[in-house]
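K.L.:
Fold the following, please.
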Amino acid sequence: MGNYFEYLHTVGFEETNLVGNVYYVNYLRWQGRCREMFLKLHAPDVLGELQEDLKLFTLRVDCEFFAEITAFDELSIRMRLVDLAQTQIEFGFDYVRLDPGEAPCGETLVARGRQRVACMRGPNSRTVPARVPEPLTRALEPYLS
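P.N.:
So this is what the prediction gives:
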């Protein structure tokens, strides 16, 4: 169960709607942020390629909700590798509210999401599919679900 990359987040007021619940688009933003922090910490060489001609295009994203969260809830966004193809990557995300001191384990799964990304290279007007960079492939292998 520990084969995930974890991004910790505290929900802020700006991420909630008028009735105080987290607005759904933030779950998608957190997927992107989790992915970015993974690159920064585990595949920094890829960041240089992103500044050159590598592009990571999000092809599909979804999120299924199980419980509501509100401002100041502490979250663990847990990213796993679902699929690694030649030019595409699929991630799975578990959104877990951290409830220290509550039974049974102080954690509540509040949502689950997925994201499929394609690697592309070239100038914006002529991008073509590209292989997932080797440093990223190596960094992702321990997170295969």
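
K.L.:
Could you check the lengthiest helix in the chain and say which residues are buried?
P.N.:
Longest helix in the chain by number of residues, with DSSP state H as the criterion: helix 25-42. If you call a residue buried by 16 or more other Cβ atoms under 10 Å, then helix 25-42 has these buried ones: 26-28, 30-31, 34-35, 37-39, 42. (Each C-beta comes from the backbone N, C-alpha and C, glycine too.)

K.L.:
before we move on, what about stretch 67-85?
P.N.:
Taking 16+ other Cβ under 10 Å as the criterion, stretch 67-85 shows 69, 73, 75-82, 84 as buried.

K.L.:
Would you map the helices across this structure?
P.N.:
Counting by DSSP H, the helices of the chain are 25-42, 44-51, 134-140.

K.L.:
Spatially, what comes nearest to residue 22 if we skip its sequence neighbours?
P.N.:
By the measure of Cβ to Cβ, 6 or more residues apart in numbering, the closest residue to residue 22 outside its immediate chain neighbours is residue 69, 5.0 Å from it.

K.L.:
Bridged to the spatially closest residue to residue 140 that is not a sequence neighbour, which residues?
P.N.:
Closest residue to residue 140 apart from its sequence neighbours, by Cβ to Cβ, 6+ apart: residue 81 at 4.8 Å. With DSSP bridges as the criterion, residue 81 is bridged to residue 91, residue 144.

K.L.:
if I look at residue 81, how far off is residue 135?
P.N.:
As judged by Cβ to Cβ, to the nearest Å, residue 81 and residue 135 stand 15 Å apart.

K.L.:
ok, back up a step: among the helices of the chain, which is nearest residue 88?
P.N.:
Residue 88 lies closest, by Cβ to Cβ, to one member of the helices of the chain: helix 134-140, at 11.8 Å.

K.L.:
so where's the protein shaky on pLDDT?
P.N.:
Residues of the chain meeting the criterion pLDDT under 70: 1-2, 102-104.

K.L.:
top strand in it by residue count?
P.N.:
Looking only at the chain and at elements set by DSSP state E, the strand with the highest residue count is strand 107-121.

K.L.:
Fine by me, we can end here.
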